[in-house]
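Asker: need coordinates for the following:
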Amino acid sequence: MKSSALRLRANIIKTIRDFFWSRGFLEVETPLLIPANAPEEYINPIIVSPGLQLQTSPEICMKRLLSQGHQKIFQICHCWRYGERGSRHLQEFTMLEWYRADSDYESLMLDCEELLRQVALSSIPEGTGFRRNGLSITPHGLWQRITVQDAFERFSHATVWECLGNGLYEEILTSVVEPGLAAFHTPVFLTDYPAELAALARTKPEQPHLAERFELYVGGLELANGFSELTDPEEQRRRFIEANRQRVKDENSPLPIPEPFLDSLASMPPSAGIALGVDRLIMLAAGSDMIDDVVAFTPESL
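Answerer: As a prediction, this is how the structure comes out:
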């Protein structure tokens with residue numbers, strides 16, 4: 001890793017930390033080795049020993065802190081996901097997560113706008129913008145918002161419901177929709193996911209077929225995933241069971257259910273939480289298309 005990239009990385013992490021401290025967030029640390037992550041269809045944890053796995057995200061423990069009365073918390077930590085390796089993926093990577101009690105996903109989108117503007121001002125020459133595939137993306141103008149349904153109809157000429165029904169959702173998203181989002185010169189919020197893709201998000205009260213969830217894209221690169229939190233333990237259990245059912249159908253092992261998390265969920269206030277890929281943010285600031293360029297060591301170099 002070049003010295004300039006190492007300094008850029010350190011500066012951005014410091015900027016993130018200063019940003020949240022200045023806004024009254026409490027920085028927390030939670031265990032990296034846990035008995036159970038949130039079961040998801042397409043995310044495989046690294047099993048360390050019987051009954052212990054590396055966290056794929058700190059969300060389970062951070063939401064339990066919300067249930068204990070903490071209002072605004074953030075964490076910068078390492079996470080692990082088995083088998084992930086590519087120009088944008090590492091098995092071990094750095095994640096930023098923050099949570100707000102008595103909030104919804106709208107407040108998280110405002111946080112994202114303020115955070116990326118601060119990162120640009122502190123880490124990019126003259127505070128200009130991020131770079132991706134030769135395109136400059138400025139965080140200082142008006143950010144775009146587009147619903148998942150509108151994005152699919154605009155770029156693929158098919159509805160998201162059709163793509164979910166025929167099993168082509170992920171393929172169309174990555175091959176057609178994300179390249180379409182890459183043309184925007186400002187960051188883009190992809191919002192209001194179908195309820196089938198809610199995972200741990202709550203659905204919209206007035207439109208229960210949609211989830212209060214968004215993903216942030218910069219230059220077509222997915223940077224963050226945020227949502228208003230589901231606080232119904234029975235509905236969350238049902239979703240975990242369904243995720244495991246899909247895993248078995250896809251010939252993956254089912255994952256343990258995080259029972260202490262479900263036990264605490266009913267006492268969690270209305271909240272919102274988000275995960276942001278720090279390595280990808282540094283890639284955008286450096287104008288790099290390879291995650292290898294912004295980490296001190298790649299797995300292959302160890």
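Asker: now do the strands in the chain.
Answerer: Under the criterion DSSP state E, strands of the chain are mapped to 26-27, 33-34, 47-49, 52-54, 72-80, 92-101, 130-132, 135-137, 144-147, 188-194, 203-204, 207-218, 221-228, 271-277.
Asker: so can I have TSV of those showing mean pLDDT, mean neighbour count and distance to Ala120?
Answerer: C-beta coordinates here come from the backbone N, C-alpha and C atoms, glycine included. Output for the strands of the chain, formatted as TSV (pLDDT from 0 to 100; neighbours: other CB atoms under 10 Å; distance: least, CB to CB, whole Å):
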stretch	mean pLDDT	mean neighbour count	distance to Ala120
strand 26-27	98	12	22
strand 33-34	98	16	34
strand 47-49	94	11	38
strand 52-54	98	18	32
strand 72-80	98	19	18
strand 92-101	98	21	16
strand 130-132	93	21	7
strand 135-137	92	17	10
strand 144-147	97	16	17
strand 188-194	97	22	16
strand 203-204	96	18	32
strand 207-218	97	21	11
strand 221-228	97	23	13
strand 271-277	98	24	15
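Asker: so who does the nearest residue to Trp21 once chain neighbours are set aside touch?
Answerer: Using CB to CB, 6 or more residues apart in numbering and skipping residues adjacent in sequence, the residue nearest Trp21 is Glu27, 6.9 Å away. Residues in contact with Glu27 (CB atoms under 8 Å, 6 or more residues apart in numbering) are 17, 20-21, 73-76.
Asker: Ala296: which of the strands of the chain is closest?
Answerer: Judged by CB to CB, the one of the strands of the chain that comes nearest to Ala296 is strand 92-101, at 10.8 Å.
Asker: relative to strand 72-80, how tilted is the closest one?
Answerer: Using axes from the mean of the first three to the mean of the last three CA atoms, to 10 degrees, the inter-axis angle of strand 92-101 relative to strand 72-80 is 160 degrees.
Asker: CA-only coordinates of strand 92-101 in PDB, if you can.
Answerer: What follows is strand 92-101, C-alpha atoms only, in PDB (Å, rounded to 0.1, in the frame of the first residue of the first chain):
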ATOM      1  CA  GLU A  92     -12.100  -9.300   6.000                       C
ATOM      2  CA  PHE A  93     -13.100  -5.600   5.600                       C
ATOM      3  CA  THR A  94     -13.800  -2.500   7.600                       C
ATOM      4  CA  MET A  95     -17.300  -1.500   8.400                       C
ATOM      5  CA  LEU A  96     -18.800   1.700   9.800                       C
ATOM      6  CA  GLU A  97     -22.200   1.300  11.500                       C
ATOM      7  CA  TRP A  98     -24.300   3.800  13.300                       C
ATOM      8  CA  TYR A  99     -27.800   3.700  14.900                       C
ATOM      9  CA  ARG A 100     -30.300   6.300  16.000                       C
ATOM     10  CA  ALA A 101     -33.100   5.700  18.500                       C
END
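Asker: contacting residues around it?
Answerer: 16, 20, 25, 57-59, 62-63, 65-66, 70-81, 107-108, 111, 229, 269-279, 281, 291, 299.
Asker: swap in stretch 269-279?
Answerer: Against stretch 269-279 from outside (CB under 8 Å, 6+ apart): 12-13, 16, 57, 59, 62-63, 66, 76, 90, 93-105, 107-108, 111-112, 216, 222-229, 231, 291, 294-295.
Asker: at 7 Å instead, please
Answerer: The contact list for stretch 269-279 (CB atoms under 7 Å, 6 or more residues apart in numbering) reads 13, 57, 59, 63, 66, 76, 90, 93-105, 107-108, 223-229, 231, 291, 294-295.
Asker: which parts of stretch 288-298 are buried?
Answerer: 288-289, 291-295 (16 or more other CB atoms under 10 Å).
Asker: and it, how far apart are its ends?
Answerer: 15 Å (CA to CA, to the nearest Å).
Asker: roughly how far is it from the heart of the chain?
Answerer: Taking CA atoms, centre = their mean, to the nearest Å, one finds the center of stretch 288-298 at 19 Å from the center of the full chain.
Asker: list the contacts of Ser156.
Answerer: 172, 176-177.
Asker: neighbours of the residue nearest to Val160 when sequence neighbours are not counted, how many?
Answerer: In space, and not counting its chain neighbours, Val160 is closest to Phe152: 4.3 Å by CB to CB, 6+ apart. Per other CB atoms under 10 Å, the neighbour tally for Phe152 reads 24.
Asker: again with Asn37
Answerer: Neighbour tally, Asn37, other CB under 10 Å: 24.
Asker: my read: it touches Pro45, true?
Answerer: Yes - the criterion here is CB atoms under 7 Å, and Asn37 meets it with Pro45 at 5.1 Å.
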